[in-house]
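A.B. asks: Could you look at this predicted model? Sequence included:
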Amino acid sequence: MNKDFMLALEELCKDKNVEKEVILDALEKALVKSYQKNYDNQENVDVVINHDTGEIGVYALKEVADKVEDSINQISLKDAKEVDASLKVGDTARIKLVPKNFGRVAAQTARNIVIQKIRDAQRESLFGDYLDRENELITGSIQRVDKYNVYVNLDRIEGIVPVKEQVPTESYIPNERMKFLIKEVRNSGKDPQIVLSRSSENLVTRLFELEVPEITDGVIEIYSIAREAGSRTKMAVFSNDETIDAVGACIGYKGARVNSIVESLQGEKIDIINYSKNIEAFISNALSPADIIEVYVNERNKQSLVVVEDDQLSLAIGKEGQNARLAARLTGWKIDIKSKLEFDSLSQEEIDEILAIHDDEETKADSDLIEDKTEVDLEEENLSEDENALENDEEKIVDEEISEGSTEEVSEEPTDED
């Protein structure tokens, strides 16, 4: 290596964002192995590269000994003194070697090391760049589709959409550009693996953040999302500013904002509803577009009974139960829907059973029973302590009487003087 090589290496390191010292340190270690391999030499050697000039020094490391038993790894004190007069027995002598044609070996090794280190640095750089972007939106073009994965060109790297992250109703056409959610970044053996998603609920969240500035600004917040990818999504939103309508802002003028998102999701239906702290109102909103008559709730078990007009029952439940299912996931409550006719025919006991009120009463009864039992146990324990104390007092009194009686008997006995 020479100075020109070092200058070229510095430029390459700057361009590829790789530290020069990292490459040179790796090169020194690789040259040691190359020397031993190409020259069939088992000597303990050290290779040093001057980081400024690129000059390579190869040194044999030998132990200074009085008597040389291993000519490869040992050197006599007399010969060591010729190398360095300060050496003594037990020290390590560094003897410079000039292997023939080592420059060619070094050049080939250097080339391989530089290429490998640049690849490693690029892989780490890519991994770091995309690792910080998990759960972010990214646009890519479809490269190819096989039985299991969709491969996406992300410009600097290739991403994959596994089967579970795909939407069955969507078409993935080569060269078509689509928006994806970065689901996961894996640091594999070769390039980082970027796992993308089209079915995640977070994809909808990111699309609304992109289309609705009020969400990005924090004026409007998304409370929850329930999605059946490719078919329908329900989203609950609320506004931190009373002057701004959260649902209207998300829909946009003449539906421009929500229609743009629907187009990105290839026609998936989106219901946007107002979140309310009042759970009855929230459940009623979640079941839109159905009109709700009444909502009964059991907050302990998060159970609810919803009453709708007879002609609204199928609309509230939805096709194959989808509307009710999404509403339950959106609110986090169990929802039982009855038509007004069905509700009127229910007894109070049946209503309580639907709301699991009996379970609450049983739980409370069990709790009361435990408390009562505890009180009884404490009373019995206190009574037992009182009885023990009484017995101890009685024993003490008896002992005292016996003691007094013994004293009197002793005093009545005749003496020798009598």
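C.D. replies: Structure's in. What do you need?
A.B. asks: residues making contact with the one helix or strand Val185 maps to?
C.D. replies: Assigned by DSSP states H and E, Val185 belongs to strand 177-186. Here strand 177-186 makes contact (CB atoms under 8 Å, 6 or more residues apart in numbering) with 127, 130-131, 133-142, 152, 159, 161, 165, 172, 192-198, 200, 202-203, 206-207, 264. In this view, the C-beta of every residue, glycine as well, is placed from N, C-alpha and C.
A.B. asks: so after it, what's the next helix or strand?
C.D. replies: Downstream of strand 177-186, the next assigned helix or strand under DSSP H and E is strand 193-197.
A.B. asks: what's that following strand packed up against?
C.D. replies: For strand 193-197, the contact count by 3 or more CB pairs under 8 Å, 6 or more residues apart in numbering; DSSP states H and E identifies strand 158-161, strand 177-186 as packing neighbours.
A.B. asks: May I have stretch 284-298 as CSV, with CA atoms only?
C.D. replies: Output in CSV follows, covering the C-alpha atoms of stretch 284-298 (Å, rounded to 0.1, in the frame of the first residue of the first chain):
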residue,chain,number,x,y,z
SER,A,284,-74.6,4.4,20.5
ASN,A,285,-72.2,6.3,18.2
ALA,A,286,-70.1,3.2,17.6
LEU,A,287,-73.2,1.4,16.2
SER,A,288,-73.9,4.0,13.6
PRO,A,289,-75.4,4.3,11.1
ALA,A,290,-78.1,2.5,13.1
ASP,A,291,-80.5,4.6,15.2
ILE,A,292,-80.4,3.6,18.9
ILE,A,293,-83.4,3.8,21.3
GLU,A,294,-81.7,3.0,24.6
VAL,A,295,-78.4,1.6,26.0
TYR,A,296,-78.2,-0.2,29.3
VAL,A,297,-74.8,-0.9,30.8
ASN,A,298,-73.1,-2.8,33.6
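A.B. asks: Show me which positions of that stretch end up buried.
C.D. replies: Taking 16 or more other CB atoms under 10 Å as the basis for neighbour counts, the residues of stretch 284-298 that come out buried are Ser284, Asn285, Ala286, Leu287, Ser288, Ala290, Ile292, Val295, Tyr296, Val297, Asn298.
A.B. asks: ok, Ile270 - contacts?
C.D. replies: With contact taken as CB under 8 Å, 6+ apart, Ile270 is in contact with Val204, Arg232, Thr233, Lys234, Met235, Val258, Ile261, Val262.
A.B. asks: follow-up on the earlier one: now list the buried members of the contacts of strand 177-186.
C.D. replies: Among these, the ones that count as buried (16+ other CB under 10 Å) are 127, 130, 137-138, 140, 142, 152, 159, 161, 165, 172, 192-198, 200, 202-203, 206-207, 264.
A.B. asks: any idea how far Gly159 is from the spatially most central residue of the chain?
C.D. replies: The centroid of the chain falls nearest to Glu184 when counting by CA atoms, centre = their mean (9.7 Å). Applying CB to CB, to the nearest Å, the value for Glu184 to Gly159 is 10 Å.
A.B. asks: joint contacts of these two?
C.D. replies: With contacts taken as CB under 8 Å, 6+ apart, Glu184 and Gly159 have Ile194, Val195 as neighbours in common.
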